[in-house]
Every structure is written in structure tokens, then in C-alpha cells.
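requesting a structural model of the entry that follows:
(2 chains)
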Amino acid sequence: MRRGALALVLPLVFALTGCGRLPGARAEATPARPEDVLDFHTLYSTNCQACHGANGHNGPAMELGNPEYQALVDDATLRKWISGGMPGTEMPAFAQSAGGMLTDAQINAIIAGMRKEWGSPSAFAGATPPPYAATQAGDVRRGQQAYQARCASCHQKPSRQQVTSPAYLSLVSDQALRTIIIAGRPDIGQPDWRLTDANGSARPLAAQDVTDIVTYLGSLRNPAAVSAAPIPVPRGGTQ
Amino acid sequence: MPRLKRIYDWFEQRLQVEGPVKEAVLHKVPRNTASWWYVFGSAAFTLLMLQIVTGILLALVYVPSAAEAWNSLNILNHQVPLGWFLRAIHAWGSNFMVAVVFIHMAQVFLFGAYKFPRELTWTVGVFLLLMTLGMAFTGQVLRFDQDAYWGLGIGVFILSRVPWAGGALVHLLLGGPTIAGETLTRFFALHVFVIPGMLLFLVAVHVWMVLKLGINEWPMPGRLVRKETYIAEYNKLAHEDGIPFVPGAFWKDLIFSGAVLAAVAICAAVFGPSGPGGQPDPSITQTVPKPDFPFLWIYAVLSYLPPSMETPFIVLAPIAMVAGLLAVPFVAGEGEKSWHRRPIAVLALSMVAVSWAVFTHLAMLTPWSPHMNAWSGDTLPVEYLREATPLVRQGAVIFQAKQCRNCHSIGGHGGERGPTLDAVATRMTPDQMRYKVVTGGGNMPAYGKNLSPPEIEALVSFLETLHPKNEPPAFDASQQAAESSGAPAAGSGSRTP
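Take a look at the predicted model:
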């Protein structure tokens, strides 16, 4: 009889204590409408990570997870690029006002989430980087000299040489080049403007150097040269 | 005890059920029908009872109105204690019931149990199958989430293809021209009153005939069914080598039904209820609706049909299928029962099973449909970009941003409309890739007008890197030969000016 009572009581105890923790119990909230989703990780992983990389690193486009990038770019600028896209590049406009799918609240959530996840108040360790946007005009000749002196030693290596290729330069904006030169891309080994070498000694680029180098690279940008290439017709049929 | 006996006798004197019940319980069945192969019918019945009990409990909370249905399911999932478990049991009970009914039918077909005198049992069974599927479909609609909404929309489109009567049928089913509150009320009535009522009545007829005609004997090769002699032969078998139905055969039914119930409970506890998914709002376009499991194969078949075949198929195929099932006992009502001597039956069943499995599998993969979020959500494998030049990296950006990924998978993620591109450089030279991107061909649209020359260059330079480390990329042998001999290669894609 006692065993029978136990058999009755045990499932009851289990029902009262354990069932909420069963794998089938729905812990997650009611599914929200797509425009009500404000969770940064959900928004980033569905809208951004294919180009900018999981967790902001190792994507083909700008490394958003770089703390120096987060320190360099202010909220208004980020909002401008996310909302309206970056003209001349593949960064599309995400704001509903510009034909995208995200509300202003969602774009703000993405910006706040990036700051929280990847921002760091000591990103520059006390150093002052060149400003995000160029303040003076650059000079092509000086830029070429600065490029040869400061960039070419690395960018002549076979795997990195194409930074001067007209096709590449036709696909990136001056601002993107400038941002990468200043903030670097730690995930692929591109140093920031301080150009710290293997021995740890830094010889930073001056703000004017950065502007000149970007101006020089911009002068090599020539979509027409790329479009002159013929589209071949392979012999023996195609697949 | 004598008092209990007196109460029992009082009722028995008036009801007089002891005799028929004893007769039903103790009637003799052939010894070899007490088999584990004969347990599916009773399991289907057990599941029907489970669905009725859980369905009644769900109806206590569910609100059959377009505005409230979705909310009331979320209340069940999140607020009612063990409400999620109740929903999960009902959902998994439905899946199991559809599966068990199909298995039961396949077993009956394979064992020739539909032959004389059980033709009507089979015919009623075919309608029971249709009702079970009707319950599954109307139940899916009652969930009233995005899947339900769009699934019903597709169901209605199918119905509207019926010549002449299509519009009227749609109106009848939806209670109006569009999916609205009346629609849900109508499906609630179907799911809760109309179909279950018919289902219970037909189950009673079905079971009555099983009791009256006896359980089908184990088929023996060479023991042919003849209308003149079968009944006498069966009675002889049941009496000479028979056992009482209870407990001789019944204990296996009990154990299997118990195991099925346990399996339903385990699935419910582990996998949880089905949905509800997103809100049923046609203004939400970020959705990929899919029908529930029993109807996935239809989804795949319709996706693969050429447009010209759709209406004939939609209108004729269901009629042909049901007519075919109904015709089975009248075409082959006599003769051999054993599968050892019915090759066509075995092949037909195998073909149906394999086709069903293939279409269901395809419907789970949906290779015909682009993955609309792949371009912004699926990352590239990190190792593919580790040694990338700036141009290759930019090509990867083009690849993602121009939504190539929605149809072409890389690293196991992305659409499956086009070929997977992880090793594309081993099978196409850069010139061939350039040509394909610009001119399209086969399933692929031409992108020549949508991509600038620098974009094409960047994209192809990225694709060129997509080959395994130990496998060299494809090259144009004739071009190499021409270049090494110093002669210009005619029509080749030589990039040097």
C-alpha cells in the first residue's frame, strides 16, 4: 500500500517541481512582430553579420568589433551609414524611411548594442587619433611618397598588394579607406595609424599623412579602366 | 460485496449489456492474429481518445476568434500551469495519430485484410483516413499563427482552382471572400463538432465490422480467398485454432497503446508544443510559412509541378487518389492475401512510401526557394577569407550584398536553388565564372546589367579562391598552351592588353 501511495505522490511532486524545466517547456517570450524586435544580438545576426562578421570580427566588410573603430565613429555617423547606406559602396540603407526593414528604434538598439559589446573607453590608450573625417584637402604627390614610405613595405607582399588595384578602389569609399588606416583591422593584421611594428615601436601617421594617402589612393580609383576589360566568351560552351 | 452485486444486477436487468460485451470480449480469433503486427488499429483508437480528452481541455481556454486565438494559445503556453504540456500532447498526439493511421493502412493493405468480406471495413477506413487528415489540417488552422494563415491561404488557392464551383467553395470554407473571423469560427466548428462527430460514428461502424467479421487471419501463401467458401473457412480456423480475444490478443494491444501514449508524452516533454509562431498578420512579410508535417509532401509536389500541370493535378489528383484507395477491395477482393505472392501490391506500397519520404524530405529542405535572409545573416567561413587580398575581400562583400548567398550556399549555409560554391573554382575557370555571372543561364539570372565591371572583377576574384587547399583551381588548358607557344589565343579571355 505504501508503495502505491509513493507511486501516486511521485508524479505529483515531479509535476509541481520539475516540469517547468523540461526541454519542451516554452521559456522564451511570445514571438514579437519583426519590427518590435529590439534585441541587439538578434538584430545584428539577421542584418549585419553576413558582411561584418560574427561578433563584429572576420567579416569581409568593416570590422565593427574593433574597439578603436567604435571609439572613432560617433553615434550620429553610425546612424547615418546604417539608415541611409554608404553611397558608392555595398553598405545598403536599412531604415524604413530609406526603403529598408528597420525602424529608427531598432537602428538605435543596434548602435547601443555595438557600443555596449565592443566599445571601450580606453580604446586608444591615451593617444589621439587623426579625426574621423578629413579636415583639409590632401595632396596626391605627398600621398604617394607617404604611401611608399609607410604602407608599401607590407602591401607589396603578394597577398596584400591589391590595395592599389583600380577595381578594389572602385568599390570602397575614401571614408572607408581613411577609417581603416586610422582604426586598423586587428582581425586581419592591419595596424592602426600608429603603425606599431613587430618590435613594438610606433611611428604614428600624422593626420595630414592619412589625408594625403587617401587622396593618393583615390587618384588611382578608375572604374573606366576596369570596364575596358572585355567579357570573354569561353570556347567549348559554358555550363 | 453482495451489495455491489445487487447494484450491478439492478443495472444489468435494465441495460442487458453483459451478454453482448461478453460475446465481444471472449469471441474467438485465429491464434496467429495475436501478433505485434495487429496492434495499430487499437493504437489509432487510443490516440483518438487522447485527442478528444486533450482537445476538450484545450477548448476550455482557447478562444475561437481571429483577434484572440493567437493570444489564448500564448496564454496556454506561458501562463496556464502545464498548459504548454497539454498543447504539446495534443500536437504530438495528432502527429502520432496520422502516422499510426497510415501504418495501420499499410499493414492492412500488405496483409490483404481488405479482401472479402471486409471491403466495407476498408472503405470506411479510407474515410477515417480522410477525416484524420481533415482534423490535422483544421487543427493547424486553429493555431492561427503565420503558418496557419498562409497555409490556409494556399489551401484555399488550391480549392479555388476547382472549375466552376471554385469561388463558391472558397466562400463556403472561409465564410467570406477573405480569411477573417468567420473563417476561424468555421474551422472551429469543423474541428470540434463536424469532423469528430463523423469520425466517432465511422469508428463505431469500423469497429463493429471488425467484431462481426472477425480479425483477419494471418495470410498464408496459397490460401486463396473465395467468396463461396471464405466465411466457413474462417469460422473453422477461429474455432479449431482460436483463442479468446481477451486476453489472448488484447494484451499486445494494451502494451502497444501504452507505449504509444508514453512516446507521445516523451515527445511532448522534450520537443514541446508546436507554435504558435508569429502573429497571423498579412502585413508581416518576413515569414517562411510551411505546412505541418502530414502536408509537407503536397507542398513539395506543388512546388515542383510545372505551372501548366497545376490545375489538372490539383483538381484530379485528390479524386484519383481517393478513388484508387476505394477501388482496392473491389478490384482485388478475392485471391491471394500473402505478400509473398502479391508483388504488385508490395511494389506499389514501396513506391508510395519512397515517394512520400522523398517529397517530405525535399519539403523540409525547400531547395526551390531562396533563403531571403542568407545575404545579411549567414557569415562566410573565417578560413575562406584568412589569406584574402583586399579585392577578394571586397568580392566577398559583393557576394553577400548582391544576395548571391540567397541561392548559393557556402560553408553549408545559404539557399539551395543554385549549386553550392565552396569548390566552384575547381570546376570553372575565372573566364567561365565571369561569363556565367554576366549572362546567367540555366536557373541563374544574368547579372551583367546589375553589376559594374569592378564589382564583377571583385566577385570573380573571390570565387577564384574557392577551392580546397589540396585541389588546384580549374584552368583553361588551351589558353595556357597558346600562351606558352607565343601565339595569341583566339577568343580566349586573355586579360593582358
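
average model confidence for the helix or strand encompassing B:Lys5?
Assigned by DSSP states H and E, B:Lys5 belongs to helix B:2-15. In this model, helix B:2-15 has a mean pLDDT of 93.

just stretch A:136-149 next, same as before
The pLDDT scores in stretch A:136-149 average 90.

buried residues in that stretch, which are they?
A:Gly138, A:Arg142, A:Gly143, A:Gln144, A:Ala146, A:Tyr147 (16 or more other C-beta atoms under 10 Å in any protein chain shown). Where C-beta positions appear, they are placed from N, C-alpha and C, glycine not excepted.

likewise stretch B:205-225?
For stretch B:205-225, by 16+ other C-beta under 10 Å, it's B:His206, B:Val207, B:Met209, B:Val210, B:Gly214, B:Ile215, B:Asn216, B:Glu217, B:Trp218, B:Pro219, B:Leu224, B:Val225.

so which of these is the closest to B:Trp37?
Set against B:Trp37, the nearest of those by C-beta to C-beta is B:Trp218 (8.5 Å).

pretty sure that closest one sits against B:Ser35.
Yes: the pair B:Trp218 and B:Ser35 passes the contact test of C-beta atoms under 8 Å, sitting 6.8 Å apart.

tell me the secondary structure of B:Ile243, please.
For B:Ile243, the secondary structure call by DSSP: H, G, I helix; E, B strand; the rest coil comes out as strand.

returning to that earlier point: among the buried residues of stretch B:205-225, which pair sits farthest apart?
Among those, B:Val207 and B:Leu224 lie farthest apart (C-beta to C-beta), at 27.4 Å.

rewinding a little: what's next to the helix or strand that comes right after the helix holding B:Lys5, contact-wise?
Next along the chain after helix B:2-15, taking DSSP H and E as the criterion, comes helix B:18-26. With contacts defined as C-beta atoms under 8 Å, 6 or more residues apart in numbering or on different chains, helix B:18-26 is touched by B:Glu12, B:Leu211, B:Pro244, B:Phe245, B:Val246.

among those residues, find the one with the greatest number of neighbours, please.
Scoring these on neighbours with other C-beta atoms under 10 Å in any protein chain shown, the highest-scoring entry is B:Phe245 at 20 neighbours.

do I have it right that that one meets B:His27?
Yes: counting by C-beta under 8 Å, B:His27 is a contact partner of B:Phe245 at 5.6 Å.

give the rounded mean pLDDT of stretch B:478-485.
80.

for it, buried residues please.
B:Gln479, B:Ala482.

ok, now stretch B:254-265?
Across stretch B:254-265, burial judged by 16+ other C-beta under 10 Å covers B:Phe256, B:Ser257, B:Val260, B:Leu261, B:Val264, B:Ala265.

among those, which are in helices?
B:Phe256, B:Ser257, B:Val260, B:Leu261, B:Val264, B:Ala265 (DSSP state H).

give the contact list for the residue of the stretch 251-400 of chain B found nearest chain A.
Proximity of the stretch 251-400 of chain B to chain A (C-beta to the nearest C-beta) peaks at B:Gly272, 3.1 Å away. Taking C-beta under 8 Å, 6+ apart as the contact definition, B:Gly272 lies against A:Pro23, A:Gly24, A:Ala25, A:Arg26, B:Trp84, B:Ala88.

how does chain B divide up, domain by domain?
B:22-365, B:374-477 (automatic domain parsing).

chain center to the first one: distance?
For domain B:22-365, the gap between its own C-alpha mean and the chain's C-alpha mean amounts to 11 Å (C-alpha atoms, centre = their mean, to the nearest Å).

one more: stretch A:105-121?
13 Å.

residues in contact with it: which ones?
Applying C-beta under 8 Å, 6+ apart, the external contacts of stretch A:105-121 come out as A:35, A:37-41, A:43-44, A:47-48, A:55-56, A:64-67, A:70-71, A:75, A:78-79, A:82-83, A:94-95, A:102.

and chain B, which of the residues you listed reach it?
A:Asn47, A:Cys48 (C-beta under 8 Å from any C-beta of the partner chain).

in PyMOL, select just the buried ones from the contacts of stretch A:105-121.
Restricted to buried positions by 16+ other C-beta under 10 Å, the PyMOL selection for the contacts of stretch A:105-121 reads:
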select buried, chain A and resi 37+38+40+43+44+47+48+55+56+64+65+66+67+70+71+78+79+82+83+94+95+102
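
now the residue nearest to B:Val424 when sequence neighbours are not counted: which helix or strand?
Once flanking residues are discounted, B:Val424 sits nearest to B:Leu466: 5.0 Å by C-beta to C-beta, 6 or more residues apart in numbering or on different chains. Counting by DSSP H and E, no helix or strand carries B:Leu466.

doesn't B:Pro419 make contact with B:Leu466?
No: using C-beta under 8 Å, B:Leu466 is not in contact with B:Pro419, being 11.5 Å away.

those two - which one has more neighbours?
Relative neighbour count places B:Leu466 above the other of B:Leu466 and B:Pro419, with 19 against 16, counting by other C-beta under 10 Å.

can you count the residues close to B:Met49?
12.

helix, strand or coil: sort out it for me.
helix.

dump the residue contacts of it.
B:Met49 touches nothing, counting by C-beta under 8 Å, 6+ apart.

just to revisit the earlier point, so of the buried residues of stretch A:136-149, which ones are in helices?
Short answer: the buried residues of stretch A:136-149 in helices (DSSP H) are A:Arg142, A:Gly143, A:Gln144, A:Ala146, A:Tyr147.

could those be laid out in CSV, adding distance to B:Ala323?
CSV is the format used below for those (distance: C-beta to C-beta, whole Å):
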residue, distance to B:Ala323
A:Arg142, 86
A:Gly143, 81
A:Gln144, 82
A:Ala146, 83
A:Tyr147, 79
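
ok, those vs chain B, which is closest?
Checking these one by one against chain B (C-beta to the nearest C-beta), the nearest turns out to be A:Tyr147, at 14.1 Å.

ok, the closest one - contacts?
A:Ile213, A:Tyr216, A:Leu217.

could you do B:Ile410 as well?
Here B:Ile410 is in contact with B:Asp378, B:Leu380, B:Pro381, B:Tyr384, B:Thr420, B:Leu421, B:Asp422, B:Leu466 (criterion: C-beta under 8 Å, 6+ apart).

kindly recompute the last result at 10 Å.
B:374, B:378-381, B:384, B:396, B:399-400, B:404, B:420-422, B:424, B:466 (C-beta atoms under 10 Å, 6 or more residues apart in numbering or on different chains).

ditto for B:Tyr299
By C-beta under 10 Å, 6+ apart, the residues touching B:Tyr299 are B:Gly151, B:Ile154, B:Pro289, B:Lys290, B:Pro291, B:Asp292, B:Phe359, B:Thr360, B:Leu362, B:Ala363, B:Met364, B:Thr366.

check which residues of the helix or strand hosting B:Val170 are buried.
Assigned by DSSP H and E, B:Val170 belongs to helix B:166-174. Across helix B:166-174, burial judged by 16+ other C-beta under 10 Å covers B:Gly166, B:Val170, B:Leu173, B:Leu174.

which strands and helices sit next to that helix?
helix B:146-160, helix B:181-189 (3 or more C-beta pairs under 10 Å, 6 or more residues apart in numbering or on different chains; DSSP states H and E).
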